[in-house]
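# Coordinates for the following, if possible.
(one chain, ligands or ions: 1)
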Amino acid sequence: MSSALPLPTPWPDVPSDARHRVALLADVPPGELLIHEMYLSVQGESTFAGLPCVFVRTAVCDSRCKWCDTPHAFNRGERMTRAAVLNRALAFGCPLVELTGGEPLLQAEVFPLVRELCDAGRTVLIETSGAHDVAHLDRRAHVIMDLKCPDSGESHRNRWANLEALKPTDQIKFVIASRGDWDWAERAIREHKLDERFECLVSAVFGGPKPVELVEWLLVAKLFRVRVQLQMHKYIWDPAARGV
Ligand code: SF4
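A predicted model of the protein is given here:
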């Protein structure tokens, strides 16, 4: 299609109708990243929840989940060299570092950055929408990958082939907005034996199903290896607070 914008990364899996969302990355030269924010906080989700963590939030996402709580990262970011991002992340002195977004895997420099953070002895987490290939990430890093449920509006982008690239220490996250989402997640967990292969996490969209409902659904399903989690930072701080 002649009107399509050039892709900013080697990743071919941004559909043509979403390429305008990644246009900002076209001006970012090799060796640099577009960073929305970096800060020290506590990890709010995943099996690392509660631990102090440096967050490196990349700008730009090619998805548009209906319940997204970080739309401010879609269009605003500061260009930084990879070395500057690395040095700033290390300078916090915290052993846990998470790359999140936006969608980190849209930016090619994320891959060497993850390797360099691992080389520096950091435990590295990468949160990704699940729409992009995770196979090239450093095996020392922990991937926290969404499988998008139908109510997100993005479940057609789930890259199921990623299940073959993930490690037993990686984590699969379902964000549940309704009973229909839960039924879909339960089917996916059983069909792909996700709870036997990976850490499996379910959380409710803030303002969606009550945590007690999610717990009841989980117990009735007898999915005893699946972990319910709350978005901890939304209980510690104002749910609309940013940079926390
Ligand atoms: S993938 Fe993440 S950042 Fe992108 S729209 Fe969905 S929730 Fe928001």
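# For Gly130, list the residues it contacts.
If a contact means Cβ atoms under 8 Å, 6 or more residues apart in numbering, then Gly130 has 145-148, 157-159, 162 as its contacts. (Glycine included, C-beta is placed from N, CA and C.)
# so it, which of the three states?
At Gly130 the chain is in coil, as set by DSSP: H, G, I helix; E, B strand; the rest coil.
# pLDDT value on it, please?
Residue-level confidence at Gly130 comes out at 96, pLDDT.
# Repeat that for Tyr235.
75.
# A helix includes it, no?
Yes. When three-state DSSP is applied, Tyr235 is found to be in a helix.
# neighbours of it, just the number please.
10 (other Cβ atoms under 10 Å).
# Same question for Gly93.
For Gly93, the count of nearby residues is 8 (other Cβ under 10 Å).
# Check which helices and strands the longest strand along the chain is in contact with.
Using DSSP state E to assign secondary structure, the strand with the most residues in the chain is strand 32-42. Packed against strand 32-42 by the contact rule (3 or more Cβ pairs under 8 Å, 6 or more residues apart in numbering; DSSP states H and E) you find strand 52-58, strand 78-81, helix 82-91, helix 232-236.
# Can you give me the buried ones in the last one?
Looking back up the chat, that one is helix 232-236. By neighbour count, with 16 or more other Cβ atoms under 10 Å as the criterion, the buried positions of helix 232-236 are 233-234.
# Mind listing residues that contact that helix?
In this structure, residues lying in contact with helix 232-236 by Cβ under 8 Å, 6+ apart are 41-45, 49-50, 206, 241, 244.
# what do you get for stretch 38-48?
Surrounding stretch 38-48, the residues in contact under the criterion Cβ under 8 Å, 6+ apart are 49-57, 85, 88-89, 92, 94, 96, 98, 123, 125, 142, 144, 171, 173, 199, 201, 203, 227, 229, 231-234, 236, 243-244.
# One more: stretch 199-219?
Outside stretch 199-219, the residues that touch it by Cβ under 8 Å, 6+ apart are 45-47, 67, 69, 144, 151, 169-179, 182, 185-186, 189, 194, 223, 225-231, 234, 239.
# Kindly recompute the last result at 6 Å.
Contacts to stretch 199-219, defined as Cβ atoms under 6 Å, 6 or more residues apart in numbering, come from residues 47, 67, 171-177, 182, 194, 226-229, 231, 234, 239.
# what about the longest helix seen in the chain, near the ligand?
Longest among the helix segments of the chain by residue count, using DSSP state H, is helix 179-192. No. Residues of helix 179-192 contacting the ligand under Cβ under 6 Å from any ligand atom: none, with a closest distance of 13.9 Å.
# before we move on, back to that, any quick ChimeraX command for the buried ones out of the contacts of helix 232-236?
Only the buried members of the contacts of helix 232-236 end up in this ChimeraX selection, burial being decided by 16+ other Cβ under 10 Å:
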select :41,42,43,44,45,49
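# looking at this, Arg19 is in a helix?
Yes. Under three-state DSSP, Arg19 sits within a helix.
# where does this structure come near the ligand, residue by residue?
Neighbours of the ligand within the chain, by Cβ under 6 Å from any ligand atom: 61, 63-65, 68, 70, 101-103, 129.
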